[in-house]
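J.: Attaching a predicted model along with its sequence, questions to come.
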Amino acid sequence: MPEPLGTGDVESVHYQPEPATLVRREAFTEVDSVFAFELEERAELGHLPGQFVQLFIPGVGEAPFSVSSSPTSGGPFELCIREVGAVTRAIHDLEIGDQVGIRGPFGEVCDIPTFRDHDLLFVAGGIGLAPLRSMINYSIANRDWFDDVTVLYGCKEPAEVLFPDEVARWSDSTAVDFRMTVDEVPEGQEWDGHVGVITTLIPGLDVDPENTYTIVCGPPVMFQFVQEELDEKEIPHDHIYLSLERRMHCGVGLCGHCQINDLYVCQDGPVFNYEVIKERPEALA
Amino acid sequence: MKILDKPDFEDLVNGLIAADPREVVGVQHDGSKYVFDELVEAGDLCLDYDVTMLSPKKYFFPQRERLVQYGTGEEGYDVIADWSEAGRIIVGVHPYDLVAIEQLDTIFIDEQGDEPYRRKRENSVLIGVTMQSVSEWSFAGSMGTATTDSGYDLMVTELPDSYAIEIGSRKGSELLEDAKTREATIEEVEAVESEKAAIEDEFEKEIEFPPAQLPSLLDQNYDAMAVWNEYAEGCLSCGTCNVICPTCYCFNVDVVDYLTDDVGGTVRRWDGCLLEDFAAVAGGENFREERVERHRHRLMRKGNYIYERYGDIACVGCGRCTQHCVADVADPSEIYNELWRSVHA
C-alpha cells in the first residue's frame, strides 16, 4: 500500500472513507433492513438529524444514505437500507463484524431546535421513514421543546412496515400523536388500522397552521399530493421542509449528479425548505 | 514585459524539458488536429493553433483518476487516499482556456477544497499564448475571453522575430531567471496590445448581447420549450459536448477491483449531464429523463446556475462543443442568440 499523501488528513482529502464495523442488523422486510455501524474507537458520527453519509464497500461501490438514528441516541449510527442495486445488495450481504468505509456526514438540514415552542408534523411515506426517523427521535428526545408532535406514516401494505417495534412504541406513546395507514391490505395480511394513501390522514388533523412546522419525506410522487393537503390546512410554505433523494457521488458539491436546477442536494439539502424548492422545477418533477 | 528572441525561447523550453522535474506539455499537431501533449522538444510546439481537442483541464482533473486505494489489512480493509499530485509546465494555453481554469480553481480549490485537483494545479505552471488564429466555431470574442489579464504565470505573444512575455506570477517569473530576456521597448508593448486588439475582430461567431445578460435571459426562458426542443430533438445524448468542455466538471466515482490480490480503488471519471442515466437513482426514478431536460440543463448550467452559485458565466466561447457535436445541436451562441431574439424580436 502506498503512503498517504500530504498530512493524510481525512478532512482535507474528502475522498478517503473512515473504517466502520457492522455491529447490529435487523430485517424488516425481504428488502429493507436497518444496519448499525460503529466507527473506530467508538467515535460518534457527529451528525445532525437529516444528514447523510457515503457508504463504501470495497470492490463494489459507494452510495449515499440518510442516517436513520438520532444523534441523541449515541453509540453506533443506523442506516435503513432497501436492497435495490449492487451497493445495497452488498450491504445486505454483510455479516456482523464486517468493515465498510464511511464518508461524511454531509448535507444541510432543517434546524429543528429553531422550531422550539411550535407544533411538529412529520409525514413519512414508505422508505421515507428512514431519514425522518432521525428527526422524529431527535424531537422525542427533546420533547419538552415542542408543543404537539404528530407523526404520519404510510406504507404500501402491512408487511412493509419499517421499524415495527418502534412504530408500536410511538403508537402507544403519549409523547407523539402517531397515525398510520397502509395503501392496501393484500389477502393473507392482517391489519386493523386505517387503509388509504397517506394524504387521507391529513384532513383529519387539527392543525394550527402558523404554529406548525412540517417535515415530509417519501417517494417523489407523494410530495405533490401531500402538498395539496398541506395547502388545504394553510400551512405557510416556509414552515414546510422536504427531504429529497438524489444520487450523490461525491457528497461535496462537485460531481453534479444531485443537482436540482442550481441547487445541490448534497450541500443545500437533502432537507429543503419548500419555499426554496417550489421555485425549482426539477425538485418535485 | 520581457522579450526573448525566438531561438532563446526555444532554449528556454528545451531547458525546462531537460532540467525541470515536471513534465513539460504543449500544443502540438496530432493529425489534422491540435492537442496538449508531452513535449519532446520545443520545435514541436504549434503556438499558432486555433483550438485544441481538449483543454488543459485534463492535467488537473484527469479523465480517469484514482482517488483511494484499498487492500486487506489486519482487521478488514485499509483504505487510503491515493491520487497523483504531479504538476506540469503547460505551454501554449489560449486565454479562453485560462479563464476556464480560473473558474475551476474557484470551484475546486477556493469553494470545495478538492485536494486531488489543488495539488496538481498548484504544482503546475501555465504559460499562456495570445491567439493567432481563431477556430470557426469559437465566439470567445463576444464572451470577453479572447484575451485575459489573469490566470497565467507567463503570457507569450509572438512578434516577428521574438516572443513578448508578460509575467503573471512569481512562479512565472522564476522560470525566466536564467533566460536571455531583455526589457521590451515601448513599441513592442504597443505591438502586443495591437495584436491582442486585432484578434477580437477575427471571430465569425458571436453572442449578440452582453454576456452579463445571460443569467437573466436563461432565467426568463426556462420554459421556452419551443427553442429547447428545436435543438434537443436532434441530440443523441452522447455527452460529447460535456467531455470536451473546458468548464464541465461532473464526474462519476467508480470502484475498481484489481484482478490480482485483494486490492482495488475508487476512480473518478468524467461524466456528462447529457447522458441518459446521469440523474437516475437506484430506486428507478430518473430526475432528468427527457432529452430536452438534459439539453436545457447544460445550457442553464453554463449561463445561469454556475453564475448564481459562483459568479461566473461557465461558457468561455471556445466552440469545442459546436465543433464536435455530430448532430450539430450544441452551439451555445446559436441557442442563446435564438432565445435573446425571441425576447427582443
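T.: Received the coordinates, thanks. Numbering: from 1, shown residues only, chains lettered A, B, ... in the order given.
J.: helices or strands up against the helix or strand where B:P215 lies?
T.: B:P215 belongs to helix B:214-220 when assigned by DSSP states H and E. If you count contacts as 3 or more C-beta pairs under 8 Å, 6 or more residues apart in numbering or on different chains; DSSP states H and E, helix B:214-220 packs onto helix B:306-310, helix B:332-344. C-beta here means a position set from N, CA and C on the backbone, and glycine is covered the same way.
J.: Moving C-terminal from that helix, which element do we reach first?
T.: helix B:225-232.
J.: could I have that next one exported to PDB, CA atoms only?
T.: C-alpha atoms of helix B:225-232 as PDB (Å, rounded to 0.1, in the frame of the first residue of the first chain):
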ATOM      1  CA  MET B 225     -39.800  24.800 -24.800                       C
ATOM      2  CA  ALA B 226     -40.100  25.500 -28.500                       C
ATOM      3  CA  VAL B 227     -36.400  26.700 -28.600                       C
ATOM      4  CA  TRP B 228     -35.100  23.900 -26.300                       C
ATOM      5  CA  ASN B 229     -37.000  21.300 -28.200                       C
ATOM      6  CA  GLU B 230     -35.800  22.500 -31.600                       C
ATOM      7  CA  TYR B 231     -32.200  21.600 -30.500                       C
ATOM      8  CA  ALA B 232     -32.900  18.700 -28.200                       C
END
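J.: still on that earlier bit, nearest to chain A, out of the helices and strands packed on helix B:214-220?
T.: Closest to chain A of the helices and strands packed on helix B:214-220 is helix B:306-310 (C-beta to the nearest C-beta; 4.7 Å).
J.: And that closest one, what's buried?
T.: Neighbour counts over helix B:306-310 (16 or more other C-beta atoms under 10 Å in any protein chain shown) mark B:306-307, B:309 as buried.
J.: chain center to the helix holding B:P215: distance?
T.: Its chain's C-alpha centre and that of helix B:214-220 lie 23 Å apart, by C-alpha atoms, centre = their mean, to the nearest Å.
J.: List the buried residues in it.
T.: Buried-residue list, helix B:214-220, by 16+ other C-beta under 10 Å: B:214-215, B:217-218.
J.: right, and the pair among those with maximum separation?
T.: The most widely separated members of these are B:P215 and B:L217, with 7.3 Å between them, by C-beta to C-beta.
J.: Can you tell me how far the nearest residue to B:R301 once chain neighbours are set aside is from chain A?
T.: Leaving out its chain neighbours, the residue that sits closest to B:R301 by C-beta to C-beta, 6 or more residues apart in numbering or on different chains is B:A314, at 6.5 Å. B:A314 is 12 Å from chain A, where distance means C-beta to the nearest C-beta, to the nearest Å.
J.: quick one: what helix or strand has B:A314 in it?
T.: B:A314 belongs to no helix or strand, assigned by DSSP H and E.
J.: give me every residue that touches it.
T.: By C-beta atoms under 8 Å, 6 or more residues apart in numbering or on different chains, the residues touching B:A314 are B:103, B:247, B:301-303, B:305-307.
J.: for the helix holding B:P215, what is the average pLDDT?
T.: Average pLDDT, helix B:214-220: 97.
J.: Looking at the stretch 201-345 of chain B, what residue ends up closest to chain A?
T.: For the stretch 201-345 of chain B, C-beta to the nearest C-beta, closest residue to chain A: B:C250, 3.4 Å.
J.: And that residue, its phi and psi?
T.: Dihedral pair for B:C250: phi -70, psi 150, per degrees, to the nearest 10.
J.: Is it in contact with B:D271, as I believe?
T.: Yes: here B:C250 reaches B:D271: they are 4.7 Å apart, a contact under C-beta atoms under 8 Å.
J.: now the strands for chain B?
T.: B:2-5, B:23-30, B:33-38, B:64-73, B:76-81, B:88-93, B:125-129, B:154-158, B:162-167, B:182-183, B:251-257, B:264-270 (DSSP state E).
J.: does the nearest residue to B:G26 once chain neighbours are set aside have beta-bridge partners, and which?
T.: Nearest residue to B:G26, sequence neighbours excluded (C-beta to C-beta, 6+ apart): B:V91, at 3.6 Å. Beta bridges link B:V91 to B:G26, B:I127, judged by DSSP bridges.
J.: quick one: B:V91 and chain A, what's the gap?
T.: Distance of B:V91 to chain A, computed by C-beta to the nearest C-beta: 27 Å.
J.: what about that residue, how many residues close to it?
T.: Residues near B:V91, counting by other C-beta atoms under 10 Å in any protein chain shown, number 27.
J.: Which residues of the stretch 101-250 of chain A lie near chain B?
T.: Contact residues (C-beta under 8 Å from any C-beta of the partner chain) of the stretch 101-250 of chain A with chain B: A:101, A:127, A:219-220, A:245-247, A:249-250.
J.: Quick one: buried ones out of the residues you listed?
T.: So, by 16+ other C-beta under 10 Å, the buried ones in these are A:101, A:127, A:245-247, A:249-250.
J.: now those as JSON lines including distance to B:C325, pLDDT and secondary structure?
T.: As requested, these are exported to JSON lines (distance: C-beta to C-beta, whole Å; pLDDT from 0 to 100; DSSP: H, G, I helix; E, B strand; the rest coil):
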{"residue": "A:G101", "distance to B:C325": "39", "pLDDT": "90", "secondary structure": "strand"}
{"residue": "A:I127", "distance to B:C325": "39", "pLDDT": "93", "secondary structure": "helix"}
{"residue": "A:E245", "distance to B:C325": "32", "pLDDT": "84", "secondary structure": "coil"}
{"residue": "A:R246", "distance to B:C325": "27", "pLDDT": "88", "secondary structure": "coil"}
{"residue": "A:R247", "distance to B:C325": "26", "pLDDT": "85", "secondary structure": "coil"}
{"residue": "A:H249", "distance to B:C325": "25", "pLDDT": "86", "secondary structure": "coil"}
{"residue": "A:C250", "distance to B:C325": "27", "pLDDT": "87", "secondary structure": "coil"}
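J.: got the contact list for the nearest residue to B:S55 once chain neighbours are set aside?
T.: Spatial nearest neighbour of B:S55, chain neighbours left out: B:P246 (3.5 Å); criterion: C-beta to C-beta, 6+ apart. Taking C-beta under 8 Å, 6+ apart, we find B:P246 in contact with B:55, B:57, B:96-97, B:100-101, B:316, B:318, B:320.
J.: Save those as CSV, and put in neighbour count, distance to A:V23 and pLDDT too.
T.: Shown next, in CSV, are the contacts of B:P246 (neighbours: other C-beta atoms under 10 Å in any protein chain shown; distance: C-beta to C-beta, whole Å; pLDDT from 0 to 100):
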residue, neighbour count, distance to A:V23, pLDDT
B:S55, 25, 48, 97
B:K57, 21, 43, 97
B:Y96, 30, 54, 98
B:D97, 29, 51, 98
B:A100, 27, 47, 98
B:I101, 28, 46, 98
B:V316, 32, 51, 98
B:C318, 28, 53, 98
B:R320, 26, 51, 98
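J.: Let's see which of the residues you listed end up in helices.
T.: The helices, defined by DSSP state H, take in B:96-97, B:100-101, B:320 from these.
J.: Now for those: which two are most distant?
T.: B:I101 and B:R320 (14.5 Å).
J.: nearest spatial neighbour of residue 109, skipping sequence neighbours?
T.: Answering for chain A, as no chain was given. Closest to A:V109 by C-beta to C-beta, 6+ apart is A:G50, at 3.4 Å.
J.: Let me rephrase: I mean chain B.
T.: The shortest distance from B:I109 to any non-neighbouring residue, by C-beta to C-beta, 6+ apart, is to B:R118 (4.8 Å).
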